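> heads up, no residue letters with this:
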Ligand code: FAD
């Protein structure tokens with residue numbers, strides 16, 4: 001594969017001014033594409049991916065300036081924040097997607113249904129294999145500028161038996177869960193099903209207490225309350241059990257502590273079993289084995305459906321790209337490192353950008369910069385921080401590094417964690433340990449649609465401007481770096497309630513919160529069509545309940 005890519009004349013090249021031109025043949029193909037392109041004054045911009053980051057770039061681009069090609073295995077944009085609602089039929093799957101070709105039509109852009117397998121940074125070519133090409137033939141897409149926005153994969157943490165779990169990253173995953181949930185309810189209703197089998201079929205286990213796991217549990221709870229009693233009279237509601245296994249001390253642990261506690265007490269009232277401080281050690285075909293982190297004791301919980309949602313890691317493409325970039329340019333184990341302009345470190349300057357879940361911006365000299373804040377916070381200059389001084393330091397750090405908001409959200413817990421000798425103050429060694437961990441967190445923005453969207457907008461605007469000022473180094477050097485602005489975090493927690501964390505202790509839940517949650521996502525839709533579909537789904541559910549057919 002590598003040999004083919006690095007031949008001077010790759011076999012198939014795709015590109016061209018008016019249409020996608022695929023040139024066949026062993027020699028001269030790059031040259032031919034280049035010659036054709038000379039008729040088109042626009043730069044060739046290739047975007048890998050059709051998710052949040054990619055679509056945000058597309059929406060910013062000036063059609064007069066760029067000849068845009070999107071390469072992605074999925075020919076649609078997926079609105080992931082509402083994916084948990086599709087797992088039990090609250091929303092229809094088609095209401096969450098928008099064809100990428102439709103989004104590209106404004107630019108007169110092109111879509112290639114393929115998977116990028118490699119990038120030749122030197123010759124500016126992306127190696128692509130077509131999704132439906134059973135012979136595995138590859139072709140090459142040349143670029144002047146490349147945006148890598150290929151997202152992430154579910155993190156496995158090396159746990160055995162994940163083939164028995166469901167994941168929730170794609171539309172297929174949501175469809176599989178929905179089918180399995182309905183299948184289990186139908187099986188559990190059969191007269192031949194034993195009591196033990198029924199209990200196992202009706203036990204739902206969620207591994208991971210982040211927003212996705214919590215929202216799935218909340219949707220299940222709504223389904224049980226609103227539809228189960230009416231449509232499955234043979235199933236006693238108390239036999240249905242929802243369990244969440246979370247390795248941290250709280251669920252939604254990246255939100256304000258008040259939100260975690262609010263959700264936990266709501267789940268307790270609803271008999272959703274929240275198991276905290278526990279790590280999953282193994283997944284069997286019908287049970288999950290987990291270990292209590294404090295006592296070391298192992299326990300087992302049976303399941304009919306087990307959702308694995310414990311964070312994200314690099315896709316195979318991202319792993320291979322990071323490995324081939326010049327030695328020393330990349331050191332992060334979770335994503336491609338970029339500079340403050342989202343340009344991939346180690347690639348020819350200004351040609352390759354990475355955004356969204358697959359990218360991270362290192363924050364050099366973080367500890368040095370924080371030392372001044374530390375001195376200012378240590379009001380009595382005793383080189384020791386009391387809890388109040390630590391709180392002041394945390395506020396100052398967040399003001400400068402908003403990325404760390406999530407890391408510093410549960411301040412009491414954080415303080416206790418670093419106060420190793422439990423004397424109510426942090427000495428220099430303890431502060432150092434805290435700063436080192438904070439620096440690590442600082443390099444990683446949360447893997448959220450909000451980040452991908454802001455980075456996409458930033459890159460789209462930047463390359464639009466660069467197009468006009470590229471020959472003016474002074475003007476280029478004055479362009480701003482990317483600065484993330486956290487706009488708040490939302491999560492649906494069931495029973496017509498959502499939670500909203502606005503930062504600085506500002507939290508909201510309770511009456512009307514579901515409507516707030518809905519209106520935020522309604523306004524963020526990428527098309528009028530999906531807005532209309534959402535409205536129809538929400539009305540349909542209010543009038544007739546969920547569609548519980550299994551197909
Ligand atoms: P994605 O949106 O995942 O897009 C990646 C794209 O790359 C896809 O089109 C994929 O097909 C394509 N691709 C993959 N491999 C290749 C390849 N080799 N070549 C070409 N293309 C490729 N975030 C929030 O802010 N709020 C939420 O409420 C929220 N809820 C979520 C709920 C769920 C169930 C999930 C799964 C995620 C949620 N997120 C949420 C996170 C958010 O979806 C991601 O952070 C966001 O999608 C990242 O955007 P991205 O562009 O980096 O990647």
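Okay, I see it. Computed from a predicted model, the values in this text were never measured in an experiment.
> next, the buried residues of stretch 480-500.
Applying a neighbour-count criterion of 16 or more other CB atoms under 10 Å, one finds 482, 484, 486, 489-494, 497-500 buried in stretch 480-500. The way it works is simple: take the backbone N, C-alpha and C, and place the C-beta from them, glycine included.
> hang on, I meant stretch 216-230
Buried residues in stretch 216-230 (16+ other CB under 10 Å): 216-224, 226-228.
> please apply the same query to stretch 530-538.
For stretch 530-538, using 16+ other CB under 10 Å, the buried residues are 530-531, 533-534, 537-538.
> which residues touch it?
Stretch 530-538 has contacts (CB atoms under 8 Å, 6 or more residues apart in numbering) with 79, 82, 90-92, 94-98, 518, 521-522, 525.
> one more pass at 6 Å, please.
91-92, 95, 98, 525 (CB atoms under 6 Å, 6 or more residues apart in numbering).
> longest strand of the chain?
Longest strand in the chain, counting residues (DSSP state E): strand 110-120.
> which secondary structure elements does that strand sit against?
strand 66-72, helix 100-104, strand 125-130 (3 or more CB pairs under 6 Å, 6 or more residues apart in numbering; DSSP states H and E).
> most packed of those?
strand 66-72 (a mean of 24; mean count of other CB atoms under 10 Å).
> nearest residue to residue 175 other than its sequence neighbours?
Once flanking residues are discounted, residue 175 sits nearest to residue 93: 6.1 Å by CB to CB, 6 or more residues apart in numbering.
> measure that neighbour to the ligand for me?
In this view, residue 93 and the ligand are 13 Å apart by CB to the nearest ligand atom, to the nearest Å.
> follow-up on the earlier one: right, and the helices and strands packed on strand 110-120 - which one's nearest the ligand?
strand 66-72 (4.1 Å; CB to the nearest ligand atom).
> what pLDDT does the residue in the stretch 1-150 of the chain positioned nearest to the ligand get?
The stretch 1-150 of the chain approaches the ligand most closely through residue 51 (1.9 Å), counting by CB to the nearest ligand atom. On pLDDT, residue 51 comes in at 97.
> now flag whichever of the buried residues of stretch 216-230 is closest to the ligand.
residue 216 (7.9 Å).
> ok, the closest one touching residue 84?
Yes: taking CB atoms under 6 Å as the definition, residue 216 is a contact partner of residue 84 at 4.7 Å.
> what do those two both touch?
Joint contacts of residue 216 and residue 84 (CB under 6 Å, 6+ apart) do not exist.
> so what's residue 277 closest to, chain neighbours aside?
Once flanking residues are discounted, residue 277 sits nearest to residue 293: 4.7 Å by CB to CB, 6+ apart.
> which residue does the stretch 251-400 of the chain have closest to the ligand?
For the stretch 251-400 of the chain, CB to the nearest ligand atom, closest residue to the ligand: residue 356, 2.1 Å.
> now residue 453: which helix or strand?
helix 449-469 (DSSP states H and E).
> now do that helix: which elements does it pack against?
Short answer (3+ CB pairs under 6 Å, 6+ apart): helix 449-469 packs on helix 52-60.
> show me what counts as buried in the helix it packs on.
52-58.
> repeat for stretch 409-422
Result for stretch 409-422 [16+ other CB under 10 Å]: buried residues 409-411, 414-415, 418-419.
> could these be laid out in a markdown table, adding pLDDT?
Shown next, in a markdown table, are these (pLDDT from 0 to 100):
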| residue | pLDDT |
| --- | --- |
| 409 | 76 |
| 410 | 80 |
| 411 | 86 |
| 414 | 88 |
| 415 | 92 |
| 418 | 92 |
| 419 | 92 |
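> around the spatially closest residue to residue 427 that is not a sequence neighbour, how many other residues sit close by?
Leaving aside its chain neighbours, residue 427 sits nearest to residue 384 (5.4 Å; criterion: CB to CB, 6+ apart). When neighbours are defined as other CB atoms under 10 Å, residue 384 has 16 of them.
> check the gap between residue 384 and residue 146 for me.
50 Å (CB to CB, to the nearest Å).
> shaky segments in the stretch 301-450 of the chain?
363-364, 403, 443 (pLDDT under 70).
> and with 80 instead?
331-333, 362-369, 400-407, 409, 439-444 (pLDDT under 80).
> enumerate the residues of the stretch 101-250 of the chain near the ligand.
115-116, 149-151, 168-169, 211-212 (CB under 6 Å from any ligand atom).
> got a winner among these for most neighbours?
residue 150 (31 neighbours).
> does that residue really touch residue 47, like I thought?
No: in this structure, residue 150 is not within contact of residue 47 by CB under 6 Å, at 9.9 Å.
> before we move on, the earlier item: isn't the residue nearest to residue 427 up against residue 429?
No: taking contacts as CB under 6 Å, residue 384 lies outside contact range of residue 429: 10.7 Å.
> contact distance from the ligand - what residues of the stretch 401-550 of the chain qualify?
447-450, 452.
> redo those as TSV? Include distance to residue 67 and neighbour count.
Shown next, in TSV, are these (distance: CB to CB, whole Å; neighbours: other CB atoms under 10 Å):
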residue	distance to residue 67	neighbour count
447	30	19
448	31	19
449	27	17
450	29	19
452	24	27
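> farthest pair in these?
Using CB to CB, these reach their maximum pairwise distance at 447 and 450, which is 10.1 Å.
> for the buried residues of stretch 409-422, which one is nearest the ligand?
residue 409 (15.6 Å).
> tell me which two of the buried residues of stretch 480-500 sit farthest apart.
Once CB to CB is applied, the buried residues of stretch 480-500 give 482 and 494 as the farthest pair, at 35.4 Å.
> which residues does the nearest residue to residue 83 once chain neighbours are set aside contact?
Leaving out its chain neighbours, the residue that sits closest to residue 83 by CB to CB, 6+ apart is residue 174, at 5.3 Å. By CB under 6 Å, 6+ apart, the contact list for residue 174 reads 83, 86-87.
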